[in-house]
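Undergrad: got a sequence here, can you build the structure:
(chains A and B)
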Amino acid sequence: MSQATAGNVPHSRFATVQYLTCLKGILVREGLRYLNQRERFVSSLVRPLLWLFIFAAGFRQVLGVSIIPPYQTYVLYEVYITPGLCGMILLFSGMQSSLSMVYDREMGNMRTLLVSPFPRWFLLVSKLLAGVAVSIIQVYAFLFVAWLWDVKAPVQGYFLILPALFLSGMMLGALGMLLSSLVKQLENFAGIMNFVIFPMYFASSALYPLWRVQESSPLLYKICLLNPFSYAVELIRFAFYGQIEWLSLAVVCSFIVLFIAGAIIAYDPSRGIVVKKQEGGNT
Amino acid sequence: MHRHMCLLAAAAAAMPFLIQPAWANMVYVSNEKDNTVTVVDSKTMEVVKTINVGQRPRGITISHDGKLIYVCASDDDTVEIIDAATNEIVGSLPSGPDPELFVLSPDGKTLYVANEDDNLVTAIDIEGKTVIAEIPVGVEPEGMGVSPDGKTIVNTSETTNMAHFIDTSTHEITDNVLVDSRPRFAEFKPDGSEVWVSAEIGGTVSVIDNNTREVKHKITFEVQGLRSEQIQPVGIRITADGKKAYVALGPANRVAVINTQTYEVEKYVLVGQRVWQLAFLPDGKTIISTNGLSNDITFIDTATDEAIKSVTVGQLPWGVAVSPN
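TA: Residues are numbered from 1 along each chain as shown, chains lettered A, B, ... in the order given. This next block holds a predicted model:
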C-alpha cells in the first residue's frame, strides 16, 4: 500500500530544476559506481578487444571480401566487426545495469530510489540515461585502443556515431531494465547471459554480414532479421560512414519505446510484474 | 541593404570553391575476359561507357594529348586504336603476334610492344603505322619501361628472368640484368636514376641502378596472415616527385606503398582480388588498381594511402590508363 501511494504522489509541484537535480544524482551515482569498479572498466574493455585481436585476426582470411553498404571498398574483417563490438559493449553494459538493478533490489537500494517522490518513469529513464552514458564512455575507450591498433574509421565517423550509440544504448539498456523486472534473484542472471546476450549477439550482423549468414542458413538469416540487436549494429555501422540507415533507426526507436514502456509497467507497483511476483512469493 | 551586399560578396567569394573546374579524367580499363574496355569517370567514380574491342585486351595506354587510346588485343595479334572523343575503334597498329604490354615513348611517336610468344620487342612508328624494329629478347617478354629521356627501354622476359636494357637509337640490347623469377613489369623513376622490376614468382621488386645497371636493392613483402607465395608483385607506379612507389601484389589483394628512399614498405592497402596494374590520375592524388578476380577497380587516395571506393567494371580487368588533363 505504501508503495502505491509513493507512486501516486502528485508531481506537478516539481520544477525542472528539481528534476535535473534528481537526474544528476542518479548520473553521479552510476558514474561513481563505475569509476570505483575498475575491474568492470577493464573487463568491459578487454572483452571486445579480445574479439578484435584474436577472433578477427583468425577470421580475416576465412571470411573473404565483398563490398556491402555502407562500405565503398574492401575492408578488413577487423573494420567490419568494430561496429558489432561497439554494439556488444552496449549490450553487455545494458545487461550489467540490469544485473545491478536486481542487486539493488536485493540489497534494498532500489526501494530507496523508488520511494523518491519523483514519478516512477522519470526515475527509470534517469537510471537508463546514466547507464547509457557509462556505456558510451566504454565504447569510446574501446575505439581509442582499436584506433591505436590501426583499426580506423573516417574521423568524422567517431562523432557521428554518438547519436547511434545513444539510441542503441537506450534500447539495450531498456531491454535490460525490462529483464531485470523478470529476474527474481541475482543467481538467475546466468540465464540472461545464455538466453539473451549470446543469442542476441551471435544471431545478428555483428560478426558476419547477413548475406553470408543467408548463404549458410536461411532460417538463421530470418532470425537475424528479427533480432533488434542487428539493427542497432547496422545503425552504428552506417553512422560511422556518415549515413543514416532509416530502417534501423525506425526499428531501434520503436524498440526503445516498447522496452521503456514495458519496464515502466513492470516497475509500476500497482500493476507491475514486480509486485505480482512479490505477492506470489509471499503467499 | 548592406547586409544583402555582404551576403552577395560572401557568395561571390565562395563561388570559385563551389564551381571548381570539373577535371573529370577518364579512366580506361581493359577487361581481359569479356573483350571490352570500360570507361570510368574519375570524378564521379562511375562507369560511363563500355567499348567492345578485340580479343583478350591487356596492355592499355593513352597518347600524351589524350586523343587516342591504344589497346593490345592479344589474341587478335594487333594493337587497336580507340578515339577518346567518340569511344570508337578507329584503326590498328601492326604489333606482331600476341602483344601483351607496351610503352609509349616520351615524344609519343613510338610504341614499344612486348610480343609474348615470339620473344620479340616490336618498335612501331605510330604515325606511319609501320614496324621500325624487331628486337630479339629473352623468352616470354612482358614488362616494358621507358626512361624519361626516351633513350632507353627496359623489357623483362618472364622465363629468362632478365631485365633487358635496349638503346632506342640503335635498337640493340646493351645490358641484361638477372632478376628474380618471372619478372612482370619495369618502371623508371621519374629522374631516370633507377628502374624497378617486379618478379611475380620471386615475390620481390629489384631496384636496378640505371648507371651501373646492377641490382642495388631487393624489396621483399610480408603481409600478416598471408603465405609468401600469395604475394606476387606485378604492376608498379612511382609518384611524380619520386618519393613513393606503389606495387600491386596480385593474389595478396594488396597494394604496397614503398618509401623510395629507404625501400621500406610503409603500408599495405587492401583492394580487390588479384590486383594487377596501377595508374595515377594526372594530379597524382589518386592511384587506381585493377582487381582481376573481383572484376573491379579500386581508387586509392595517395595522401592517406587509403582505399576510397571500388567500382565494378568488366570481367578480369587487366590494364588501366587515365586521360591527361
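Undergrad: switch to C-alpha atoms for all contacts and neighbour counts from now on
TA: Noted.
Undergrad: got the phi/psi numbers for residue B:118?
TA: Per-residue torsions, residue B:118: phi -110, psi 0 (degrees, to the nearest 10).
Undergrad: that one is in contact with residue B:97, isn't it?
TA: Yes. Under the criterion of Cα atoms under 8 Å, residue B:118 makes contact with residue B:97 at 6.9 Å.
Undergrad: which of those two has more residues huddled nearby?
TA: residue B:97 (21 against 17; other Cα atoms under 10 Å in any protein chain shown).
Undergrad: hang on, that one in a strand?
TA: No. Residue B:97 is assigned coil when assessed by DSSP: H, G, I helix; E, B strand; the rest coil, not a strand.
Undergrad: what's the pLDDT at it?
TA: Listed pLDDT for residue B:97 reads 87.
Undergrad: can you check residue B:43 too?
TA: 93.
Undergrad: helix, strand or coil: sort out residue B:44 for me.
TA: coil.
Undergrad: contacts only, for it.
TA: residue B:24 (Cα atoms under 8 Å, 6 or more residues apart in numbering or on different chains).
Undergrad: can you pull out the low-pLDDT segments for chain B?
TA: Applying pLDDT under 70 to chain B flags residues B:1-23.
Undergrad: all helices for it, in order.
TA: Counting by DSSP state H, chain B has helices at residues B:2-18.
Undergrad: that one against chain A: which residues are in contact?
TA: Counting by Cα under 8 Å from any Cα of the partner chain, chain B comes close to chain A at B:225, B:270, B:271, B:272, B:298, B:307, B:308, B:309, B:310.
Undergrad: just the ones in strands from the residues you listed, please.
TA: B:270, B:298, B:307, B:308, B:309, B:310 (DSSP state E).
Undergrad: from residue B:288, how far out is the second one?
TA: Note on residue B:298: its distance to residue B:288, by Cα to Cα, to the nearest Å, is 6 Å.
Undergrad: just the fourth one next, same as before
TA: If you measure residue B:308 against residue B:288 using Cα to Cα, the figure is 10 Å.
Undergrad: so those two - more neighbours on which side?
TA: residue B:288 (26 against 16).
Undergrad: okay, now the spatially closest residue to residue B:244 that is not a sequence neighbour: neighbour count?
TA: The shortest distance from residue B:244 to any non-neighbouring residue, by Cα to Cα, 6 or more residues apart in numbering or on different chains, is to residue B:259 (5.0 Å). Counted by other Cα under 10 Å, the residues lying close to residue B:259 total 17.
Undergrad: cool, residue A:80 as well?
TA: There are 21 residues near residue A:80, going by other Cα under 10 Å.
Undergrad: kindly state the pLDDT recorded for it?
TA: Looking at residue A:80, the pLDDT reads 89.
Undergrad: center of chain A, which residue is that?
TA: residue A:172 (3.0 Å; Cα atoms, centre = their mean).
Undergrad: just the buried positions in the strand or helix carrying that one, please.
TA: Assigned by DSSP states H and E, residue A:172 belongs to helix A:155-182. When burial is assessed from 16 or more other Cα atoms under 10 Å in any protein chain shown, helix A:155-182 yields the following buried residues: A:157-158, A:160-162, A:164-182.
Undergrad: what does stretch A:217-227 give?
TA: Buried residues in stretch A:217-227 (16+ other Cα under 10 Å): A:220, A:221, A:223, A:224, A:225, A:227.
Undergrad: again, but for stretch B:100-116
TA: Neighbour-count burial for stretch B:100-116 [16+ other Cα under 10 Å]: B:100-106, B:108, B:110-116.
Undergrad: mind checking how far it is from the chain centre?
TA: 12 Å (Cα atoms, centre = their mean, to the nearest Å).
Undergrad: what's in contact with that stretch?
TA: Taking Cα under 8 Å, 6+ apart as the rule, stretch B:100-116 contacts B:58-61, B:63-64, B:72-74, B:95-99, B:120-127, B:139-146, B:148-150, B:155.
Undergrad: what subset of those is buried?
TA: Applying 16+ other Cα under 10 Å to these flags B:58-61, B:63-64, B:72-74, B:95-99, B:120-126, B:139-146, B:148, B:150, B:155 as buried.
Undergrad: now residue B:51: how far from residue B:189?
TA: Relative to residue B:189, and taking Cα to Cα, residue B:51 is found at 32 Å.
Undergrad: then residue A:252?
TA: 55 Å.
Undergrad: likewise for residue A:178?
TA: With Cα to Cα as the criterion, residue A:178 and residue B:189 are 66 Å apart.
Undergrad: check residue A:249 too.
TA: 52 Å.
Undergrad: higher neighbour count, the two?
TA: residue B:189 (24 against 19).
Undergrad: that one: what's it in contact with?
TA: B:195, B:196, B:238, B:242.
Undergrad: do the same with residue B:297
TA: So residue B:297 contacts B:272, B:288, B:289, B:290, B:291, B:310, B:311, B:312, B:313, B:317 (Cα under 8 Å, 6+ apart).
Undergrad: who wins for neighbours among these?
TA: Neighbour max across the contacts of residue B:297 (other Cα under 10 Å) = residue B:290, 35 neighbours.
Undergrad: quickly list what that residue is bridged to.
TA: residue B:297 (DSSP bridges).
Undergrad: report the separation between residue A:102 and residue B:121.
TA: 81 Å.
Undergrad: then residue B:312?
TA: 33 Å.
Undergrad: just residue B:286 next, same as before
TA: Taking Cα to Cα, one finds residue B:286 at 31 Å from residue B:121.
Undergrad: for the closest residue to residue A:247 other than its chain neighbours, which three-state class applies?
TA: Of all residues not flanking residue A:247 in the chain, residue A:231 sits nearest, at 7.9 Å (Cα to Cα, 6+ apart). Counting by three-state DSSP, the backbone at residue A:231 sits in helix.
Undergrad: how many neighbours does residue A:231 have?
TA: Other residues close to residue A:231 by other Cα under 10 Å number 26.
Undergrad: hmm, it is touching residue A:244, no?
TA: No. The pair residue A:231 and residue A:244 fails to qualify as a contact (Cα under 8 Å) at a distance of 11.6 Å.
Undergrad: least confident secondary structure element in chain A?
TA: Sorting the helices and strands of chain A by mean pLDDT, DSSP states H and E puts helix A:2-7 at the bottom, at a mean of 43.
Undergrad: ok, back up a step: give me every residue that touches the residue nearest to the centre of chain A.
TA: By Cα under 8 Å, 6+ apart, the neighbours of residue A:172 are A:90, A:91, A:94, A:95, A:256.
Undergrad: what do you get for residue B:50?
TA: Here residue B:50 is in contact with B:36, B:37, B:38, B:39 (Cα under 8 Å, 6+ apart).
Undergrad: so the third one touches residue B:45, yeah?
TA: What that stands for is residue B:38. No. Judged on Cα under 8 Å, residue B:38 makes no contact with residue B:45 at a distance of 12.0 Å.
Undergrad: more crowded one of those two?
TA: A direct count of neighbours by other Cα under 10 Å for residue B:38 and residue B:45 places residue B:38 higher, at 23 against 17.
Undergrad: so for that one, what's the nearest residue that isn't a sequence neighbour?
TA: Nearest to residue B:38 is residue B:50, by Cα to Cα, 6+ apart, at 4.5 Å.
Undergrad: check the gap between residue A:58 and chain B for me.
TA: 8 Å (Cα to the nearest Cα, to the nearest Å).
Undergrad: excluding chain neighbours, what is closest to residue A:45?
TA: Using Cα to Cα, 6+ apart, the closest residue to residue A:45 is residue A:142 (5.8 Å).
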